[in-house]
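Colleague: pasting the sequence and the predicted model now:
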Amino acid sequence: MGTDKKLRAALALIKKHGYRKAVKKRELSNIYFRLSYLFGFYSTKVSKPMTKRKITLAVARSKMLDAVLDKFFKGKKRAAFDDNEDKKWTSDYLIKDIRTNGQFKRYKLVERHINRFWNTETTKIVFDPNYFPKK
């Protein structure tokens, strides 16, 4: 019993001085690798001029994404990606190329995973043969 009190006191003292338990970084989910593959695959099918948004929309509209979603999402979460209700846009948006809530959710999923390592610059460097970055 005396040990428990000492342990609690020691932990309280450690917290008081600002020390915290080390947080382990979560490993990348396999969904990231699958979405990266789809991003690369559909980059060859998008018309020029190639933009990250065009590629992401192509992936979001693809049938291959369904297999990835089936593997990683179940039940209500999976059903949200197939929602066919019209997307409500405010007057602030000029480009309304995403029609349904499910398509928007797919787009945001792909965009979130791709944006971790791909930005517009890297997309142009990798996929556009006529692009030369500024030095």
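Modeller: Yep, it's here.
Colleague: what segments of the protein are helices?
Modeller: Remark: helices assigned in the chain by DSSP state H are 2-16, 30-43, 52-60, 64-72, 75-80, 101-114, 120-127.
Colleague: for those helices, which one sits closest to V23?
Modeller: Closest approach to V23 among the helices of the chain is made by helix 2-16 (14.7 Å; C-beta to C-beta). In short, each C-beta sits where N, CA and C put it, glycine included.
Colleague: deepest of the helices of the chain, which one?
Modeller: The highest average neighbour count among those, using mean count of other C-beta atoms under 10 Å, belongs to helix 52-60 at a mean of 22.
Colleague: any idea how far V110 lies from R34?
Modeller: Distance from V110 to R34, counting by C-beta to C-beta, to the nearest Å: 10 Å.
Colleague: repeat for P129
Modeller: 26 Å.
Colleague: how about D97, nearest residue that isn't a chain neighbour?
Modeller: Among residues not flanking D97 along the chain, L57 sits closest, at 6.8 Å (C-beta to C-beta, 6 or more residues apart in numbering).
Colleague: tell me which residues touch the one you found, please.
Modeller: With contact set as C-beta atoms under 8 Å, 6 or more residues apart in numbering, L57 has these partners: D97, I98, Y107.
Colleague: all good on my end, thank you.
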